[in-house]
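A.B. asks: Any chance you could fold what I've pasted below:
(one chain, ligands or ions: 1)
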Amino acid sequence: MKDLWRDEDAGADDVAQLVYLSNLIGADVDLVQPGGGNTSVKLAEDDVFGERVEALVVKGSGTDLRTIAAAGFTHLSADRLATLRSSESMSDEEMMAIMRACMLFPDRDPVPSVETPLHSIIPHRFVAHTHDVATLSLSDTPSAREHVERVYGTGVAFLEYLRPGFPLAKGMAERYADGLPEDATGLVMEKHGLTTWGDTVKDCYASLISIISRAEEYLAGREKRSFGGAAPALDGAGRREAAAGLAPIIRGELKRSVAWRPVLAFDDSPEVLAAVSSEGFAELAARGVMTPEHIMRAGRRPLVLPTNVPPTDVASAFAGFRADYERYLAANGQDEPIPDWLKVIAAPGVGAFFAGKDRRSALVAATCYRATLRAIAGAEAVEAFQSLSDADACEMEYWPLERRKIAAGLKVAKPLDGKIALVIGGASGIGRATAIRFAAEGAHVTLADLDLAGARSAADEINAASPERAHAVMADAGDPAAMENAVREAVLRFGGLDVLFYSPGVAPRLQPVAEMADEEVRAQLSVHYEGAVAATRAASRVMLAQGPSTPAGAGLRTSFGGRLIYNASKAAFAPGEGAAAYGAAKAALVHYARNAANELSRHGITANYINADAVDTPLFRSLVKERAESRGETEEATLARYAERSIFRTATVPPEAVADAALWLASDASAYTSGCVITVGGGAEAMPR
Ligand code: ZN
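C.D. replies: Below you'll find the predicted structure:
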């Protein structure tokens, strides 16, 4: 392990040094994975009453070592925490209640980490706890203690597996009632991780480096025999094609068994592909994950699909895995699967799908499982990979402290939570405003546009507010292959599709009927009609692959279904001078949407369109310019005419007004509305009849 310590960056006071240590550790996914691990320092400070007290400053719950700052730590009274040591037994809830009561600054600080008692028992000032791949390669084995003793002698203490929380704290307190072994600089906790300490922050880090480096040396001297001969993997394009076919089916199966809409992150990185495609993978993967915490973040074990599984066989693979899982639950005294029981689905030859309530948590599962793959390889080189027993794994899955957090996280709070949307024409105007609104209401969004820079800037704006929510792809709505590709990109990025918002625009070139150019007709038809047909074809295929998801009689409001939403414009309903090609193309789009509604609504897939008139977009502005020129008047005069005929007496309506209508059509609330139009803006002549 590389020593990254730099004295000049290490911080002046204890807390600054603790932040520095935490960030150093957090930056390395071989040391801790997102949310995992924790650090602390013991110091003297004034409490809120101005009294000098001994304090334990420890990582707060829900923080991440990679990004933690001083405010992410909790200050606790060390004296009061000591009462935990004398307690015979208590629930984790009682333990957390005591720890909350030990907080010195309850108004300011986060709730302390559940592993706080461990930090309070160790007498040294700085303490760091990791879930590192190196020492877990020693302790995720049947003979963990022997490996630790062989590598470290008495220099590192060892503790058999105990569940994190009160059992671990109590076990530690009992084992080391007379103090830790004098020459020990760390403690390996079987199948859980490493804790190191030091009286200075630098000593603590140096112990960490030294312990991990020795484990790495021990591993380096052994032949890797983790994963057997590899099954042939498809090439990159073949994998993406296969993944795009599998993802919606996997997402549908997941939703049917967990009743929430997962987002999937596809991973065919060389590391993951080689592991999941290897012959021995299914058997190794079935042994579990590297630590109890990895059960929370990546699930108890992955579902490994058959090699080159045809999409039609995915359902039976899920059913078999589910039956196994139910047997394990029954054997361990549980009956209902936890809602997020499965987070890793491996497809040998293709890659792996990681599931989460959003792409961010899916990526956390990915990081945690990739670390598990490295620990499996290490443990197999040392002896054999062994994870927690079924009973311990089940206890962890149903651990009330974590369950409550996860249940709260899965609660649908916004109308589009868990939904995946594709916005065609997302770079500007109505498409951009709608994509931003969809994301703000919980959706993951793919923005497709010919103007890639514009689509990227909208995606960046979304991701700045909520990371990993949006991405941009280049797509020409006039090219059917590009529409199919945009759908595929959305599926590969987020795992499926729930909403298609079709809003690309090409401004009409105003031409009288007698002079209408063929290329104008073709341009209007290709962007406003043919592109919609191609996008709908690909999108509906994905939506159908995800469903059916509703238990009989449960109604469409909870169905996977799908939402097809088209931006039609007033021109579809009312003739406009010189805009016959534009209006006819939009009218074709409207009638196509009605046909889509007729065929697809029985599957819970609705198709609706928005009659948007005089929306303030670049396209509308160019139309105004052209109208003004053809009439020989100023643009202001043309706009005044618009205001006069508007029932709202405004020249334009903002694109966000269309986004509001699209939001309702995209939500579950519109489940029984299909083949309909919503008018936004406009004059009396814009009202469809
Ligand atoms: Zn831990």
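
A.B. asks: Next one: the closest residue to K357 other than its chain neighbours from C394, what distance?
C.D. replies: Leaving aside its chain neighbours, K357 sits nearest to L410 (5.6 Å; criterion: CB to CB, 6 or more residues apart in numbering). (Glycine included, C-beta is placed from N, CA and C.) According to CB to CB, to the nearest Å, L410 stands 20 Å off from C394.

A.B. asks: who touches the helix or strand of the chain with the lowest mean pLDDT?
C.D. replies: Here the helix or strand of the chain ranked lowest by mean pLDDT, DSSP states H and E is helix 400-410, holding a mean of 76. Under the contact criterion CB atoms under 8 Å, 6 or more residues apart in numbering, helix 400-410 has outside partners 62, 92-93, 96, 114, 165, 260, 296, 338-340, 357, 361, 396.

A.B. asks: Y218: neighbouring residues, count only.
C.D. replies: 20 (other CB atoms under 10 Å).

A.B. asks: element containing it, please.
C.D. replies: helix 201-220 (DSSP states H and E).

A.B. asks: and for that helix, what are the contacting residues?
C.D. replies: Against helix 201-220 from outside (CB under 8 Å, 6+ apart): 1, 3, 5, 7, 10-11, 14, 17-18, 20-21, 24-25, 31, 41, 124, 126-128, 130, 132, 134-135, 137-138, 147, 150-152, 156, 185-186, 194, 196-198, 378, 381-382.

A.B. asks: Now restrict those residues to buried residues only.
C.D. replies: Neighbour-count burial (16 or more other CB atoms under 10 Å) applied to these gives 1, 10, 14, 17-18, 20-21, 24-25, 31, 41, 124, 126-128, 130, 132, 134-135, 137-138, 147, 151-152, 156, 185-186, 194, 196-198, 378, 381-382.

A.B. asks: I'd like to know which of these are part of helices.
C.D. replies: 14, 17-18, 20-21, 24-25, 134-135, 137-138, 147, 151-152, 378, 381-382 (DSSP state H).

A.B. asks: Using the three-state scheme, assign L56.
C.D. replies: Following DSSP: H, G, I helix; E, B strand; the rest coil, L56 is assigned to strand.

A.B. asks: Sorry, wrong one. I was asking about A464.
C.D. replies: A464 ends up helix, using three-state DSSP.

A.B. asks: try S457
C.D. replies: Going by three-state DSSP: S457 is helix.

A.B. asks: now the closest residue to it other than its chain neighbours: how far from T617?
C.D. replies: In space, S457 comes closest to A427 once its chain neighbours are excluded; the distance is 7.8 Å by CB to CB, 6+ apart. For A427, the distance to T617 equals 11 Å [CB to CB].

A.B. asks: any chance you could map the helices in the stretch 501-650 of the chain?
C.D. replies: Taking DSSP state H, counting those that start in this stretch, the helices of the stretch 501-650 of the chain run over residues 518-525, 531-546, 580-600, 618-631, 635-645.

A.B. asks: buried sites along the first one?
C.D. replies: To tie it back to what came earlier, the one meant is helix 518-525. For helix 518-525, by 16+ other CB under 10 Å, it's 520-521, 523-525.

A.B. asks: so what's the residue lying closest to E441 once chain neighbours are set aside up against?
C.D. replies: Take E441 and drop its neighbours on the chain: the residue closest to it by CB to CB, 6+ apart is L416, 4.3 Å away. Listed by CB under 8 Å, 6+ apart, the contact partners of L416 are 438, 441-443, 499, 663, 666-667.

A.B. asks: quick check, nearest of those to H119?
C.D. replies: G442 (36.6 Å; CB to CB).

A.B. asks: show me what contacts the closest one?
C.D. replies: Counted by CB under 8 Å, 6+ apart, G442 has contacts 412-419.

A.B. asks: Most remote residue from the middle of the chain, which is it?
C.D. replies: A514 (55.0 Å; CA atoms, centre = their mean).

A.B. asks: Give me the below-cutoff pLDDT ranges for the stretch 401-550 of the chain.
C.D. replies: Across the stretch 401-550 of the chain, the ranges flagged by pLDDT under 70 are 549-550.

A.B. asks: now the strands: where do they sit in it?
C.D. replies: Ranges of strands in the stretch 401-550 of the chain, per DSSP state E, counting those that start in this stretch, are 420-424, 444-449, 470-474, 499-502.

A.B. asks: what's the spacing between the residue lying closest to D417 once chain neighbours are set aside and A134?
C.D. replies: Nearest residue to D417 in three dimensions, chain neighbours excluded: G442, at 3.7 Å (CB to CB, 6+ apart). Between G442 and A134 the distance is 39 Å, computed by CB to CB.

A.B. asks: With L342 instead?
C.D. replies: L342 is 28 Å from A134, by CB to CB.

A.B. asks: what do you get for D358?
C.D. replies: For D358 relative to A134 (CB to CB), the value is 31 Å.

A.B. asks: Then K414?
C.D. replies: In terms of CB to CB, K414 sits 41 Å off from A134.

A.B. asks: And A78, by the same measure?
C.D. replies: 31 Å.

A.B. asks: Residues touching whichever strand or helix holds H294, excluding its own?
C.D. replies: Assigning secondary structure by DSSP H and E places H294 in helix 292-298. Residues from elsewhere that reach helix 292-298, judged by CB under 8 Å, 6+ apart: 33-36, 131, 163-164, 191-192, 288-289, 343-344, 354, 364-365, 368-369, 371-372, 388, 392-393, 396-397, 402, 406.

A.B. asks: which among those end up buried?
C.D. replies: 33-36, 131, 163-164, 191-192, 288-289, 343-344, 354, 364-365, 368-369, 371-372, 388, 392-393, 396-397, 402.

A.B. asks: What about the residues you listed, which are in helices?
C.D. replies: Per DSSP H, the buried ones among the contacts of helix 292-298 map to helices at 364-365, 368-369, 371-372, 392-393, 396-397, 402.

A.B. asks: Closest one to R432 out of the residues you listed, please.
C.D. replies: V364 (29.3 Å).

A.B. asks: My read is that the closest one contacts G35, right?
C.D. replies: Yes - with contact defined as CB atoms under 8 Å, V364 counts as touching G35 (6.9 Å).

A.B. asks: Break down the stretch 1-150 of the chain into its strands, ranges please.
C.D. replies: 38-46, 52-59, 73-77, 126-130.

A.B. asks: Output those in a markdown table; the columns should cover mean pLDDT.
C.D. replies: What follows is the strands of the stretch 1-150 of the chain, written out as a markdown table (pLDDT from 0 to 100):
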| stretch | mean pLDDT |
| --- | --- |
| strand 38-46 | 97 |
| strand 52-59 | 97 |
| strand 73-77 | 97 |
| strand 126-130 | 97 |
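
A.B. asks: Would you format those strands as TSV with distance to E577 included?
C.D. replies: Below are those laid out as TSV (distance: least, CB to CB, whole Å):
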stretch	distance to E577
strand 38-46	70
strand 52-59	68
strand 73-77	68
strand 126-130	72
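
A.B. asks: most tightly surrounded among those strands?
C.D. replies: strand 126-130 (a mean of 28; mean count of other CB atoms under 10 Å).

A.B. asks: can you list contacts of that strand?
C.D. replies: 17-18, 21-22, 25, 31-32, 37-41, 115, 118-119, 193-201, 203-205, 208, 212.

A.B. asks: Extract the C-alpha set from the helix or strand just after the helix holding Y218 and format it as CSV.
C.D. replies: Going down the chain from helix 201-220, the next helix or strand is helix 236-258, by DSSP H and E. Below are the C-alpha coordinates for helix 236-258, written out as CSV (Å, rounded to 0.1, in the frame of the first residue of the first chain):
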residue,chain,number,x,y,z
GLY,A,236,-17.9,-4.8,-26.5
ALA,A,237,-20.7,-4.1,-29.0
GLY,A,238,-22.1,-7.6,-28.4
ARG,A,239,-22.1,-7.1,-24.7
ARG,A,240,-23.9,-3.8,-24.9
GLU,A,241,-26.5,-5.3,-27.3
ALA,A,242,-27.0,-8.2,-24.9
ALA,A,243,-27.1,-5.9,-21.8
ALA,A,244,-29.7,-3.6,-23.5
GLY,A,245,-31.9,-6.7,-24.1
LEU,A,246,-31.5,-8.1,-20.6
ALA,A,247,-31.7,-4.9,-18.5
PRO,A,248,-35.5,-4.2,-18.9
ILE,A,249,-36.3,-7.8,-18.1
ILE,A,250,-34.1,-7.8,-15.0
ARG,A,251,-35.6,-4.5,-13.9
GLY,A,252,-39.1,-5.9,-14.4
GLU,A,253,-38.3,-9.1,-12.4
LEU,A,254,-36.8,-6.9,-9.6
LYS,A,255,-39.8,-4.7,-9.4
ARG,A,256,-42.2,-7.6,-9.3
SER,A,257,-40.3,-9.0,-6.3
VAL,A,258,-39.6,-5.8,-4.4
